[in-house]
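Q: let's see this in three dimensions:
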Amino acid sequence: MPSPLVSVLLPVYNGEPYLAAAVESILRQDYERLEIIAIDDGSTDRSLEILERFQNTDRRISIRSRENRGLIATLNEGLALARGELVARMDADDVSYPSRFSRQVALFTEQPHLAICGSGVDTLIGNRIVRGKPSPIYRPGSMRILSMFFTLFIHSTVIYNRRVIPDDMLAYDADYPHAEDFDLFRRIAERFPTMMIDEPLVAYRLHTDSVTSRHLRRMRQTHLKIVAENLEQDGLFDDAGALREIGAAVTKETIRVVAEFIVSLERKISAFPPEMRRAYEDGLLCFFYFLYQLIADEKRPELTHEFLTRTGKWQLIRRRERYGLLAGARAPWCSRISLAATERVDALARYLESVPAASVLPQQGAL
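A: Numbers count the residues shown, from 1 in each chain. Sure thing, here's the model as predicted:
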């Protein structure tokens, strides 16, 4: 049986600083039967020039360049152009490790019923890499439930199996801007087997100009919308609007509502059979941290204090954060000073945990 063709879908919008490294990492895969579909979504920098230079040396790259239409339209255009049985996602600012595709293709070969596969990531910050760690929550029987609460995979680690996923399902929905991957993954996981290779096969780059950073607020609002829809569908939540409101405004009232939702859902989950209960608990815990970060980013410690008190989950945050927030209700200024110091300590800890990127990433060429 011949090796399946992998179509690599690469949307590009003003990706000049990191694009060459992303493309080289695909061309240097130890799995060679691939095509790269690069769609330049109206870039105003040198992205198109960089893509054309690579295309001149490797005909596996096809380029389509046109006016800006946005990420969702670009992704769907790429899916329509893809010829492969397997479709891989790649972002213009990430780096795939050389064995990424061979590892993922081998999994689809072993499990032909599998619809989608993602992997763990290392985190690339500047010229340093923080190595990723396995998570115990990715169990085969838990993926559908987990997909209700958070985006199962980093988007640029995913490969879709078109032999399993119907064509009318394998499309991104414009009603879910900046969380279109969350929506697609939950729809696939609801009907078909999904799997995580829980080790890093991609270096995921964090930088201030990424799509996630630029559209964080809208992404969170769409995320809340999806979680509410999922829980309504499972009969676990009656008022979707109440959950979405915290995305529009973080106030004591919206915190009260979302805290009551968490406590109520925990009670319902406690009656589930053990394996199902464990998956729901893992998913809800991830969603709790999502809400915690959303509230903490308001930089109003008294609101974070309110959330932790109403949910009764002070034990779930780190000790140094806990100490900084305990004074939040009466002396927010004191908490702000303490939490600012915590952020500096965290930055130092990340640096000490990291390694030079050059010691992990394949060496790039001259392009």
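Q: switch to C-alpha atoms for all contacts and neighbour counts from now on
A: Will do.
Q: which residue ranges form the strands in the chain?
A: Remark: strands assigned in the chain by DSSP state E are 6-12, 34-41, 61-66, 86-89, 95-96, 116-125, 128-130, 159-161, 194-206, 355-356.
Q: what's the most buried one of these?
A: strand 95-96 (a mean of 28; mean count of other C-alpha atoms under 10 Å).
Q: related to what we said a few turns ago, out of the strands of the chain, which is closest to His215?
A: strand 194-206 (13.8 Å; C-alpha to C-alpha).
Q: so what are the sheet partners of that closest one and their directions?
A: Sheet pairing for strand 194-206, assigned by DSSP bridges, gives strand 95-96 (antiparallel), strand 116-125 (parallel).
Q: got the contact list for Thr208?
A: Contacts for Thr208 (C-alpha atoms under 8 Å, 6 or more residues apart in numbering) come out as Arg214.
Q: quick check on it: phi, psi?
A: When read as degrees, to the nearest 10, the backbone of Thr208 gives phi -70, psi -20.
Q: can we start the residue count at 7 from this point?
A: All set: I'll call the first residue 7, so the last point we hit is now Thr214.
Q: confidence score at it?
A: pLDDT, Thr214: 81.
Q: ranges for the helices of the stretch 57-206 of the chain?
A: 77-87, 106-116, 149-152, 186-197 (DSSP state H, counting those that start in this stretch).
Q: pick the most deeply packed of these.
A: For the helices of the stretch 57-206 of the chain, the highest mean count by mean count of other C-alpha under 10 Å goes to helix 149-152, at a mean of 23.
Q: distance from it to the middle of the chain?
A: Mean-position distance between helix 149-152 and its chain equals 15 Å (C-alpha atoms, centre = their mean, to the nearest Å).
Q: elements contacting that helix?
A: Applying 3 or more C-alpha pairs under 8 Å, 6 or more residues apart in numbering; DSSP states H and E, one finds that helix 149-152 makes contact with helix 186-197, helix 280-302.
Q: can I get that helix as PDB, trimmed to CA atoms?
A: This file holds the C-alpha atoms of helix 149-152, laid out as PDB (Å, rounded to 0.1, in the frame of the first residue of the first chain):
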ATOM      1  CA  MET A 149     -11.600  12.800  24.200                       C
ATOM      2  CA  ARG A 150     -15.200  13.600  23.400                       C
ATOM      3  CA  ILE A 151     -15.900  14.900  26.800                       C
ATOM      4  CA  LEU A 152     -12.700  16.900  27.000                       C
END
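Q: which other residues reach that helix?
A: Taking C-alpha under 8 Å, 6+ apart as the rule, helix 149-152 contacts Leu158, Arg192, Ala195, Glu196, Thr200, Met201, Ala285, Tyr286, Asp288, Gly289.
Q: just put the strands of the chain in CSV and tack on distance to Gly84.
A: Listed next are these as CSV, based on distance: least, C-alpha to C-alpha, whole Å:
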stretch, distance to Gly84
strand 12-18, 6
strand 40-47, 7
strand 67-72, 9
strand 92-95, 10
strand 101-102, 19
strand 122-131, 17
strand 134-136, 30
strand 165-167, 13
strand 200-212, 21
strand 361-362, 34
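Q: what's the neighbour count on Arg316?
A: Per other C-alpha atoms under 10 Å, the neighbour tally for Arg316 reads 18.
Q: Ile32 too?
A: 23.
Q: same question, Pro279
A: Pro279 has 9 nearby residues by other C-alpha under 10 Å.
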